[in-house]
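1. need a 3D model of the following:
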Amino acid sequence: MASLQKKGNSWYCQFYWRDKRFTFAVGRVTKPQAEAKATKAGEIVELLERGVLRLPDGISVATFVKHDGQPPTPLESQKVSQKSSLGDLRDAYLKAHQAAQEAKSLYTSKIHLNHLVRTLGQNFELGTLELVHLQKHVDRRCPKVSPATAAKEISTFRTAWNWGVRMKLVSGPCPVKGLIYPKVDEKPPFQTRAEIERQIEGLSDEQQQELWDALFLTLPEIDAFLADVKALAAHPWIYPLVATAAHAGLRRSELVRIRKADVDFDAMILTVRERKRTKGKRTTRRVPLSTALAAVLRDWLERHPGGPYLFAQAEEVFRSKKRSRTTGHANGPARPKSLKGRLVGVSDRERPGILPLTIHEVSDHFRRTVNGESWSVVPGLHCLRHSFISACASKGLDQRIIDEWVGHQTDEQRRRYRHLYPSVQQAAIKSVFG
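-> This is a model prediction of the structure:
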């Protein structure tokens, strides 16, 4: 049986097939005409269920029913030869988007697609792809990663597939509708160190780490943390970079893209180069400089090694894998014991000039700085972004101002980051109930 629904001036017909609801547009017709179409649709569905009619390959049931069981045959010129393999689609998609996507986004897309390749195989023919194949990938990945991560991998593949349709590498819709992901627990709310320490007794290492990933620092803790980073930093850029993360709420990828020209000491403004706020466009936002951060950055610029980027490593760094004076050193069990033997194959490294920091260098040096100290529980630089937002909220700043400074766009982001110091919350409830 089929039913009708009117939206505006158009009629739509709905029916159920194999416990799923389907809809097709009838159009701007009279009510009797729409009712006649619904009756016909019900007859076609009944014939399908009885096996009198057979759904042709490559034709959706909604299209079949809409055309009274006689869907139009696609023109030969519209047919797409679907001989592409999964590896072919991956390589073509990544090559085509080298200039259109940020390096980190492209790197992430490559990782996601490579996981699909590991599940289905490099030479898997996309013409045979069905929902069961993608469900196999989700089932394989979810014990190792969160359902959200598996969903991102499928989303990347669907994006590549849709691009492949336009390039005539594949045809038809990507068969992702109906994928089932395991139910996931909501992430713990952001909490202070004291709150987390009261909960961790008796928890597994994994459960404890999940709580520490939700850590944010209070204002006194931020000051103490920055003082320790300043004292322990092995390179001069580490402290000003961490201070900028703490006093401006920047993401790691935004920190490495800041240029010296983006710091305006006269206006006390820092321009942040965003990566994903608007698709296909590089955007910026502006964050005011605190007096303390301005002093830190002025001091850093007096010692800056050169180049256009605000945070940069010196061209030559002793014993660095990437920035040492020489390269080609042998390591491991095969390393010669004599100095002469160890110098075989060693040559001077090319001098490309002052290069910007990479996000991996930033993460590595941040972890080296805080590990072994009382701050080893700080999960990463992103914790300072949480702390910045909390500090702003605890002082009663308008949510719109916070959104502008940190680049939040969705209610989901705001809900995730909307937290206040426990002392502020207690003061609020006491003001109501005493």
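
2. so what sits opposite R259 in the bridge?
-> Y309 (DSSP bridges).

3. repeat that for the one 10 residues further on.
-> With DSSP bridges applied, the residues forming beta bridges to I269 are D264, P288.

4. what sits against it?
-> I269 makes contacts with 286-289, as judged by Cβ atoms under 8 Å, 6 or more residues apart in numbering. Glycine gets a C-beta too; all of them are placed from N, C-alpha and C.

5. any chance of those in JSON lines, with neighbour count, pLDDT and distance to P189 too?
-> Shown next, in JSON lines, are these (neighbours: other Cβ atoms under 10 Å; pLDDT from 0 to 100; distance: Cβ to Cβ, whole Å):
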{"residue": "R286", "neighbour count": "13", "pLDDT": "94", "distance to P189": "29"}
{"residue": "V287", "neighbour count": "21", "pLDDT": "94", "distance to P189": "25"}
{"residue": "P288", "neighbour count": "14", "pLDDT": "95", "distance to P189": "28"}
{"residue": "L289", "neighbour count": "20", "pLDDT": "95", "distance to P189": "30"}
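
6. turn these into JSON lines, columns for distance to L179.
-> Compiled in JSON lines, the contacts of I269 are given as follows (distance: Cβ to Cβ, whole Å):
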{"residue": "R286", "distance to L179": "41"}
{"residue": "V287", "distance to L179": "39"}
{"residue": "P288", "distance to L179": "44"}
{"residue": "L289", "distance to L179": "46"}
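
7. let me know the closest of those residues to G87.
-> Ranked by distance to G87 (Cβ to Cβ), the contacts of I269 are led by V287 at 43.0 Å.

8. how much space separates that closest one from P175?
-> Separation of V287 from P175 (Cβ to Cβ, to the nearest Å) stands at 44 Å.

9. before we move on, what about R367?
-> 41 Å.

10. just A214 next, same as before
-> From A214 over to P175 (counting by Cβ to Cβ), the distance is 36 Å.

11. may I see the buried residues of stretch 369-386?
-> Residues of stretch 369-386 classed as buried: 369-370, 375, 377-378, 380-381, 383-386 (neighbour count, 16 or more other Cβ atoms under 10 Å).

12. narrow these to those in strands?
-> Here DSSP state E is the test, and the buried residues of stretch 369-386 give no hits in strands at all.

13. which of these has the weakest pLDDT?
-> Across the buried residues of stretch 369-386, the smallest pLDDT goes to H386, namely 89.

14. from what I see, that one and T218 are in contact.
-> No: counting by Cβ atoms under 8 Å, T218 is not a contact partner of H386; they are 11.3 Å apart.

15. who's in contact with A160?
-> 89-90, 93, 109, 113.

16. please identify which pair of those lies farthest apart.
-> L89 and S109 (11.9 Å).

17. please name the bridge partners of S10.
-> K7.

18. now swap in the one 10 residues further on and tell me
-> Beta-bridge partners of K20, counted by DSSP bridges, are W17.

19. so how far is I258 from it?
-> Distance, K20 to I258, by Cβ to Cβ: 50 Å.

20. those two: which is more packed in?
-> I258 (23 against 10; other Cβ atoms under 10 Å).

21. I'd say that one and L310 touch.
-> Yes: here I258 reaches L310: they are 4.2 Å apart, a contact under Cβ under 8 Å.

22. the strands in this structure, which residues?
-> Under DSSP E, the chain gives strands at 2-7, 10-17, 20-27, 263-264, 269-273, 284-288, 326-327, 347-348.

23. could these go into JSON lines alongside distance to A224?
-> As requested, the strands of the chain are exported to JSON lines (distance: least, Cβ to Cβ, whole Å):
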{"stretch": "strand 2-7", "distance to A224": "60"}
{"stretch": "strand 10-17", "distance to A224": "62"}
{"stretch": "strand 20-27", "distance to A224": "58"}
{"stretch": "strand 263-264", "distance to A224": "25"}
{"stretch": "strand 269-273", "distance to A224": "23"}
{"stretch": "strand 284-288", "distance to A224": "23"}
{"stretch": "strand 326-327", "distance to A224": "40"}
{"stretch": "strand 347-348", "distance to A224": "43"}
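
24. mean pLDDT lowest for which of those?
-> Least confident of the strands of the chain, judged by mean pLDDT, is strand 326-327 with a mean of 60.

25. all helices of the stretch 251-400 of the chain, in order?
-> Taking DSSP state H, counting those that start in this stretch to define them, one finds helices in the stretch 251-400 of the chain at 252-257, 291-302, 339-343, 359-370, 382-394, 399-406.

26. do the same with the stretch 1-150 of the chain
-> So, for the stretch 1-150 of the chain - with DSSP H, counting those that start in this stretch - the helices run 31-50, 61-66, 86-96, 103-120, 131-141, 147-166.

27. mind checking which of the ones you listed is nearest T271?
-> Ranking those by proximity to T271 (Cβ to Cβ) places helix 103-120 first, at 19.6 Å.

28. in that closest one, which residues are buried?
-> Quick answer for helix 103-120 (16+ other Cβ under 10 Å): 106, 109, 112-113, 115-117, 119-120.

29. CA-only coordinates of that helix in PDB, if you can.
-> Only the C-alpha atoms of helix 103-120 are listed here, as PDB (Å, rounded to 0.1, in the frame of the first residue of the first chain):
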ATOM      1  CA  ALA A 103      48.600  19.000   3.400                       C
ATOM      2  CA  LYS A 104      47.300  17.700   6.700                       C
ATOM      3  CA  SER A 105      43.800  17.100   5.300                       C
ATOM      4  CA  LEU A 106      45.300  15.200   2.300                       C
ATOM      5  CA  TYR A 107      47.500  13.200   4.700                       C
ATOM      6  CA  THR A 108      44.400  12.200   6.700                       C
ATOM      7  CA  SER A 109      42.500  11.300   3.600                       C
ATOM      8  CA  LYS A 110      45.400   9.100   2.500                       C
ATOM      9  CA  ILE A 111      45.300   7.300   5.900                       C
ATOM     10  CA  HIS A 112      41.600   6.700   5.800                       C
ATOM     11  CA  LEU A 113      41.700   5.300   2.200                       C
ATOM     12  CA  ASN A 114      44.600   3.100   3.000                       C
ATOM     13  CA  HIS A 115      42.600   1.500   5.800                       C
ATOM     14  CA  LEU A 116      39.900   0.700   3.300                       C
ATOM     15  CA  VAL A 117      42.600  -0.800   1.000                       C
ATOM     16  CA  ARG A 118      43.800  -3.000   3.900                       C
ATOM     17  CA  THR A 119      40.300  -4.300   4.400                       C
ATOM     18  CA  LEU A 120      39.300  -4.900   0.800                       C
END
